[in-house]
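Enquirer: Need coordinates for the following:
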Amino acid sequence: MPELEGLVFPVIITIIITSIFSIFFMRKDKIDKGFAINYFKLSYRRKMIRTLTVFPLLIVASILIIIYTEINSVVLTTYGVIIYSLFLLQLLYNYINWKKKECGA
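Expert: Coordinates of the predicted model:
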């Protein structure tokens, strides 16, 4: 289970940092035009666009991981399903909230 041990700490740190940024930028004005490095400053439409832009990088990273690692195929498949499911959930979440904001609901 060394794969799992190396994954738990970074995931916990990522969740903590993401939560802090989400709370800090919750009531701030969102950027819908122009460039913004900070993901949390973007509107839902721009978050969805950024998510779609990252998709080719996700595919390249997945291919490189398959080629250059010796991870068990079951573990690799499990990680792949989790990563792509989270990507799809993020995309759907941003799309749904963008349409809600657009309609004024």
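
Enquirer: you'd agree Ile65 is up against Ile83?
Expert: No - judged on C-beta atoms under 8 Å, Ile65 makes no contact with Ile83 at a distance of 9.7 Å. In this view, the C-beta of every residue, glycine as well, is placed from N, C-alpha and C.

Enquirer: What are the buried residues along the longest helix that the chain contains?
Expert: Secondary structure assigned by DSSP state H gives helix 73-103 as the longest helix of the chain. Buried residues in helix 73-103, counted by 16 or more other C-beta atoms under 10 Å: Leu76, Leu91, Asn94, Tyr95, Trp98.

Enquirer: May I see the residues you listed organised as TSV, with distance to Thr69 added?
Expert: Below are the buried residues of helix 73-103 laid out as TSV (distance: C-beta to C-beta, whole Å):
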residue	distance to Thr69
Leu76	8
Leu91	26
Asn94	30
Tyr95	32
Trp98	36
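
Enquirer: Out of these, flag the one nearest to Leu57.
Expert: Nearest to Leu57 among those, counting by C-beta to C-beta, is Leu91 at 14.2 Å.

Enquirer: which one in the buried residues of helix 73-103 is the model shakiest on?
Expert: Between the buried residues of helix 73-103, the one the model trusts least by pLDDT is Leu76, at 88.

Enquirer: Next, find the distance separating that one from Lys47.
Expert: 28 Å (C-beta to C-beta, to the nearest Å).
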